[in-house]
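> When you get a sec, could you give me coordinates for this:
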Amino acid sequence: MKRPLDPRITEEEAALFRAAVHDAVPLRAGARHHRPTPAPPPVPVQSLLDERAALAESRHGALDDDDAALEAGDALAYVRAGVSRQVLRRLRRGHWVVQDHLDLHGMNRAQAHEAVAGFLRQAGRRAHRCVRIVHGKGLGSKNREPVLKGKVGAWLARREDVLAFCQTPAAQGGSGAVLVLLRA
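Numbers count the residues shown, from 1 in each chain. Below is the predicted model:
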């Protein structure tokens with residue numbers, strides 16, 4: 001008689017088991033049914049992209065009523081809450097010298113957004129106080145409407161380093177550009 005592999009099983013128990021299964025026949029290898037592994041669930045790529053875009057936009061936050069861009073007709077004007085309206089008046093009158101400028105002509109929204117963000121970061125590093133951003137009048141766009149004008153206004157109003165901005169005088173671009181006053 002064979003000795004059981006497990007020391008906890010007695011010789012008598014092993015003999016009973018062998019007697020119970022003595023007429024068992026092993027299954028043939030091909031007779032087994034193999035269940036395929038289930039396919040992984042589909043990845044909702046577009047939903048994930050939409051959620052990522054919404055998250056990125058939410059990081060900038062919605063504009064408060066106090067921080068809203070003030071529009072008089074088509075002229076963009078803005079002054080941050082807590083900053084005197086006198087600052088906006090001085091900006092319109094050319095109190096600060098324009099130290100640098102950025103031209104967005106020929107850019108789409110995404111390119112313009114990156115260009116504006118990079119330009120303002122660079123202006124901050126250079127300690128520039130007043131800059132001009134040319135967004136265009138929209139004469140070359142579909143329906144001849146300024147696409148970037150409103151976008152630039154919204155982007156600037158969300159930035160903490162922007163104190164105020166207004167439409168430039170006609171000689172500097174008029175309704176196709178804005179003067180931006182940055183924190184000192």
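> residue ranges with poor pLDDT in the chain?
For the chain, applying pLDDT under 70 flags the ranges 1-5, 30-32, 56-75, 140-144.
> Helices along that one, start to end?
Listed in chain order, the helices of the chain (DSSP state H) span 11-20, 45-60, 85-92, 109-125, 147-158.
> Burial-wise, tell me which of those comes out on top.
Stretch with highest mean neighbour count among those: helix 147-158 (a mean of 20; mean count of other Cβ atoms under 10 Å). Every C-beta, even on glycine, is put in place using the N, C-alpha and C of the backbone.
> Could you tell me how far that helix lies from the centre of the chain?
Centroid separation between helix 147-158 and its chain, computed with Cα atoms, centre = their mean, to the nearest Å, is 15 Å.
> circling back to that earlier point, out of the helices of the chain, which comes closest to Arg183?
Closest approach to Arg183 among the helices of the chain (Cβ to Cβ): helix 109-125, 7.9 Å.
> Quick one: list the elements packing against that closest one.
Contacting helix 109-125 under the criterion 3 or more Cβ pairs under 8 Å, 6 or more residues apart in numbering; DSSP states H and E are the following elements: strand 100-103, strand 130-134, helix 147-158, strand 177-182.
> export the helices of the chain to JSON lines and tack on distance to Pro26?
Output for the helices of the chain, formatted as JSON lines (distance: least, Cβ to Cβ, whole Å):
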{"stretch": "helix 11-20", "distance to Pro26": "15"}
{"stretch": "helix 45-60", "distance to Pro26": "48"}
{"stretch": "helix 85-92", "distance to Pro26": "91"}
{"stretch": "helix 109-125", "distance to Pro26": "66"}
{"stretch": "helix 147-158", "distance to Pro26": "73"}
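> coming back round to it: of the helices and strands packed on helix 109-125, which is nearest Arg93?
strand 177-182 (10.4 Å).
> That closest one: partners in the sheet, and parallel or antiparallel?
Applying DSSP bridges to the sheet, strand 177-182 is found paired with strand 130-134 (antiparallel), strand 162-167 (antiparallel).
> got the CA coordinates for that strand in CSV?
C-alpha atoms of strand 177-182 as CSV (Å, rounded to 0.1, in the frame of the first residue of the first chain):
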residue,chain,number,x,y,z
ALA,A,177,-6.1,95.2,-29.9
VAL,A,178,-6.0,95.6,-26.2
LEU,A,179,-3.7,97.4,-23.8
VAL,A,180,-3.0,95.2,-20.7
LEU,A,181,-1.8,96.5,-17.3
LEU,A,182,0.1,93.9,-15.3
